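Participant: what follows is a predicted structure for the sequence shown.
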Amino acid sequence: MKTSFSCSAAATIAALSVCLALPAGAQQPAPAGATVDKLAAAAASVGIQRCLPAITRLSTLNLQGSRSHDLLLDWDRKRPDSGAVFGFLGIEYPNGGVATSITALPEGTDGCTVAAERISVAPFTCASVAQQELAGYQANRLLPVYTVYVDPKDPASSVSLIDSPPGCLVIRRYVQYDWKDPNAAAAGAGSGRRR
């Protein structure tokens, strides 16, 4: 039986770990006329290089299928490539909007700690969102209106549901420490071969 996986805009934050790990060529190519990634362009323009591959992958994933987006960007102006960078995207899709927060912090000699949160409102009760989308997740009720769901197979991500009648505030969160660009690793391995 073949299983297919798409790094699409509908992917949950839990799926971001898979998408972030894939080499760029393994992701589905963007269609002609695809949205220009303003976060990646802005980060590059202020001198952020080391964590740019992680920022670009997370931003691109969130922008797939969007109509438009804009952003807020904050970074350490004294050391842009060795300090933290914070991006906050407002994204418009044909059926509504979401907000996405992407944070990257250089770590060690070639890694980055990355965190992403995707915030949306579902026009359903949180109980129905959990039933439809989070089967198999462990529920941890923190407040009467606030429950956090964790997939035991992916402890780096979580889904928070906050009752906000008549809908549900959905916050999908993903964190990865010491992420390394798989393309850089592959290029480094290729350059180490003897001829």
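Facilitator: Arrived safely.
Participant: tell me the bridge partners for the nearest residue to Arg141 once chain neighbours are set aside.
Facilitator: Spatially, and ignoring its direct neighbours in sequence, Arg141 is nearest to Thr147 (4.8 Å; Cβ to Cβ, 6 or more residues apart in numbering). In this view, the C-beta of every residue, glycine as well, is placed from N, C-alpha and C. Counting by DSSP bridges, Thr147 is bridged to Arg141, Leu161.
Participant: would you list every one of the helices in the chain?
Facilitator: All helices of the chain, identified by DSSP state H, fall at 13-21, 38-45, 52-63, 126-133, 182-191.
Participant: return the set of buried residues in the longest one.
Facilitator: Within helix 52-63, the residues that count as buried by 16 or more other Cβ atoms under 10 Å are 52-63.
Participant: from those, which is closest to Ile119?
Facilitator: Asn62 (11.0 Å; Cβ to Cβ).
Participant: ok, the closest one - contacts?
Facilitator: Counting by Cβ atoms under 8 Å, 6 or more residues apart in numbering, Asn62 makes contact with 9, 89, 91, 98, 100, 102, 116, 118.
Participant: got the contact list for Val46?
Facilitator: Counting by Cβ under 8 Å, 6+ apart, Val46 touches 73, 75, 77, 80.
Participant: go again using 10 Å as the cut-off
Facilitator: Residues counted as contacts of Val46 (Cβ atoms under 10 Å, 6 or more residues apart in numbering) are 73-77, 80-81, 85.
Participant: go on, Ala115?
Facilitator: Ala115 is in contact with 58, 86, 101-105, 156, 173-177, counting by Cβ under 10 Å, 6+ apart.
Participant: how much space between the residue nearest the centre of the chain and Gln176?
Facilitator: Nearest to the mean C-alpha position of the chain, by Cα atoms, centre = their mean, lies Leu58 at 4.0 Å. Separation of Leu58 from Gln176 (Cβ to Cβ, to the nearest Å): 10 Å.
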